[in-house]
Structure formats: C-alpha cells, structure tokens
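# Whatever this is, show me its structure:
(one chain, ligands or ions: 1)
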Amino acid sequence: MKKNPKIIVGNWKMNPQTLDEAKRIARGVKKTAEEVKKVITIMCPPTVFTSAVASLSNNRYLYTGVQNIFTETHGAYTGEISADMARNAGARFVIVGHSERRRMGETDAVVNKKILLALTSGLNPIICIGEENHDRDGHYLSVIKEQVHAALQNVALVDIPRIVIAYEPIWAVGADKAMNAHDVHVMTILIRKTIIDLYKLRKQPKQIHIPVLYGGSVDPTNTAGILTEGSADGLLVGRQSLDPKAFSDILRIANAA
Ligand code: 13P
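Numbers count the residues shown, from 1 in each chain. From the prediction side, this is the model:
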C-alpha cells in the first residue's frame, strides 16, 4: 500500500433503519473498498449495527467505526456505550466531536475526554472540528486552532500517529454545496501547521503525518478537487455514504487522485 493512503470515512448517522439494510450497504461498499488499494475505507454505522458491519470488514483496506462513545468507562449511565464496548464489538475507529453532537451540548472538554478514552481502549479517534461561520474577518482561523488545541490536550506524542482530523465546516454539512477546493487547501494547511507547532514535529526524529480529512456535502463530482487541489488526505462523507454506488464512485476517484 502507498505510504499515506487516502482515508474515506462513511458516517451513516442515524441510518438505515434495519439490520438488513445496513448489511446491504456494507456489502455494497466492501467489494470496491477491497479493490482500491490506495484507499482505507471506514464505515461508521449506528452502534447497534457495529458487530454485523465489522464482521464484513476489519481487514487492512476496510474498517468499521462508531459515531460516538461515552466519557466514562463503565457503570450507571443508562443508554451509553463505552470505548471498550465499541472496540469489543469490532470497531477500530470512533468519530468524536461531530458538529451534530456538539450542537447537542458536547463541549471541547467532553470531546477531549472521549479522545483520551478512545486511545486507551485501542480505538483510533477521528476528531471533527469546524467553524460555524466562515466570516470575512477570519475569526474562523482562531476557532479552528482552539478546537485542535482543546481536542489534543494531554494526548501524548506517541499517540499522534493514531489520530485522524476531520475538518467539517458546519455550514457545509448537509448543505447543497461543499467548500471550494482552494479554501479546503488553506484549512488543511492551517490544521497541519497547528499540530506541527503544538508537538514540535519538525524537530522529531521520525516524520509523522497527520491525516486531515474534509467533510461537508462530498459527492463524486467534488471528490477529486478536494483531494488534489484541496490537498485533503481523505473525506468524511455523510449522505452519499448510504448509497453504495455513489460511495464506491468516491472510493475509485480517491484511489486515482
Ligand atoms: P453530508 O456529506 O451529508 O453533508 O454530511 C457530512 C457529515 O456530517 C459527515 O460527518
């Protein structure tokens, strides 16, 4: 496999409604995911479908992730799921701090706690960051930097190679149009530079590459531009990840990008 493969994540959100349908989507994705050798594909179904989807994946090209974990390891927390449970059900990744969860009250401190727990349990965190508004004064630049700093608080340098950052401008999530590729490029540079400075990575003996993905209205028509001109290391895909044909097209385009 290429040194830095593209990472394409499907965030199924609260879909589909049945196990049969979840298996149908997973099987539809599996074939292409195992063909495209320059791409790592991660399917993130609702937690109840984790085992079923993981039994079809978890090889070096195709993995399963969950969309959330709780901030505690076990105990009296009705309805919650721990990092260990997710790992035990077959998940290898976890989406943390998605804007839809932040909107439900998840703070930077909660996001950081979940990241630390994920790392302890052997889950690789996909950390979502993103500004509410892309304002003309550039305030979003400091918003993004602050989110990166807060998310990575107390994350040890040895764990940095396990981290994936997903930049999702909130205004582009579930919208008609993605961010343009040039602006994605500016943001991926800013995020990489923020982490390089934070961990003084230039001074580390081994080169460490932190994948920075883009998310928000990704489809087969904008995939190539975001990955090439936008220099994103991969994509976090919402709606189009539920359609195995469209998602497979995205995987093939990413493989060729
Ligand atoms: P859409 O691709 O549907 O805009 O969703 C993006 C997203 O939130 C992925 O996590």
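
# Contacts only, for the residue of the chain at minimum distance from the ligand.
Closest approach between the chain and the ligand, counting by C-beta to the nearest ligand atom: residue 238, at 2.1 Å. For glycine as for every other residue, the C-beta is placed from the backbone atoms N, C-alpha and C. Neighbouring residues of residue 238 by C-beta atoms under 8 Å, 6 or more residues apart in numbering: 11, 13, 173, 174, 215, 217, 218.

# Which residues are in contact with residue 196?
residue 202.

# cool, residue 249 as well?
Contact analysis of residue 249 by C-beta under 8 Å, 6+ apart lists 220, 223.

# Quick check on it: phi, psi?
Note on residue 249: its backbone torsions stand at phi -60, psi -40 [degrees, to the nearest 10].

# what do you get for residue 7?
Phi and psi for residue 7, reported as degrees, to the nearest 10, are phi -120, psi 120.

# hang on, residue 128 in a helix?
No. Going by DSSP: H, G, I helix; E, B strand; the rest coil, the assignment for residue 128 is strand, not a helix.

# Tell me where the protein has strands.
For the chain, strands defined by DSSP state E occupy the ranges 6-11, 39-44, 62-66, 93-96, 124-129, 164-167, 212-215, 234-237.

# for the ligand, what are the nearby residues on this structure?
Where the chain comes near the ligand, counting by C-beta under 6 Å from any ligand atom, the residues are 11, 98, 168, 173-174, 215-218, 236-239.

# Filter the residues you listed down to the buried ones.
Among those, those classed as buried by 16 or more other C-beta atoms under 10 Å are 11, 98, 168, 173, 215, 216, 217, 218, 236, 237, 238, 239.

# residues touching the first one, list them.
Right, residue 11. So residue 11 contacts 44, 67, 95, 98, 215, 236, 237, 238, 241 (C-beta under 8 Å, 6+ apart).

# Need the residues you listed in CSV (columns: distance to residue 255 and pLDDT).
CSV is the format used below for the contacts of residue 11 (distance: C-beta to C-beta, whole Å; pLDDT from 0 to 100):
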residue, distance to residue 255, pLDDT
44, 20, 98
67, 25, 98
95, 23, 98
98, 26, 98
215, 19, 98
236, 17, 98
237, 15, 98
238, 21, 98
241, 16, 98
